[in-house]
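Enquirer: Give me coordinates for this.
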Amino acid sequence: MFHRVADEAGLVEGTAQVVTIERKRWLLVWPAGGAPKAFRALCPHNESSLAEATFDGTLLTCPHHAWRFDGVSGACVSGQTCDPIKSAPVKIEDGGVWIDAPEKKKRAVA
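Expert: Numbers count the residues shown, from 1 in each chain. Now for the predicted structure:
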């Protein structure tokens, strides 16, 4: 399900911003020369928060261990081998930025 997370006018190429969907943090990044991307704000090697990660327009750097991740694919490019950062589709529509984040699983009622 798509969630509106920002105004299109607030997007700036080469930057990243933290957005929240259903109490989960996501990084909305716009790699230089690319298209906006959304990544879960959790480092895949130990689930540390990436909310304070730095982004140089190309690479996201984890603030805890300095591992680096590609701003287009989310793949780990330095540090030990690990899975890519989880991503979600992004669309720009009606002046807004939308992320298709997985829906929160509902508990079964007994």
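Enquirer: From now on I want contacts and neighbour counts done on CA atoms only, so please keep to that.
Expert: Noted.
Enquirer: The least confident helix or strand in the chain by mean pLDDT packs against which elements?
Expert: Ranking every helix and strand in the chain by mean pLDDT, DSSP states H and E puts strand 76-78 at the bottom, with a mean of 93. Here strand 76-78 touches strand 68-70, going by 3 or more CA pairs under 8 Å, 6 or more residues apart in numbering; DSSP states H and E.
Enquirer: which residues are in contact with the strand it packs on?
Expert: Here strand 68-70 makes contact (CA atoms under 8 Å, 6 or more residues apart in numbering) with 58-62, 75-79, 84-85.
Enquirer: on that earlier part again, parallel or antiparallel, list what pairs with the least confident helix or strand of the chain.
Expert: strand 68-70 (antiparallel) (DSSP bridges).
Enquirer: ok, the residue nearest to residue 56 when sequence neighbours are not counted to residue 53 distance?
Expert: Spatial nearest neighbour of residue 56, chain neighbours left out: residue 14 (6.7 Å); criterion: CA to CA, 6 or more residues apart in numbering. As defined by CA to CA, to the nearest Å, residue 14 lies at a distance of 14 Å from residue 53.
Enquirer: Could you check which of these two has the larger neighbour count?
Expert: Taking other CA atoms under 10 Å, residue 14 and residue 53 do not tie; residue 53 has more neighbours (22 against 19).
Enquirer: show me where pLDDT drops low in this structure?
Expert: For the chain, the stretches flagged by pLDDT under 70 are 104-110.
Enquirer: Contact partners for the closest residue to residue 37 other than its chain neighbours?
Expert: Closest residue to residue 37 apart from its sequence neighbours, by CA to CA, 6+ apart: residue 29 at 5.2 Å. Neighbouring residues of residue 29 by CA under 8 Å, 6+ apart: 14-17, 36-39, 71.
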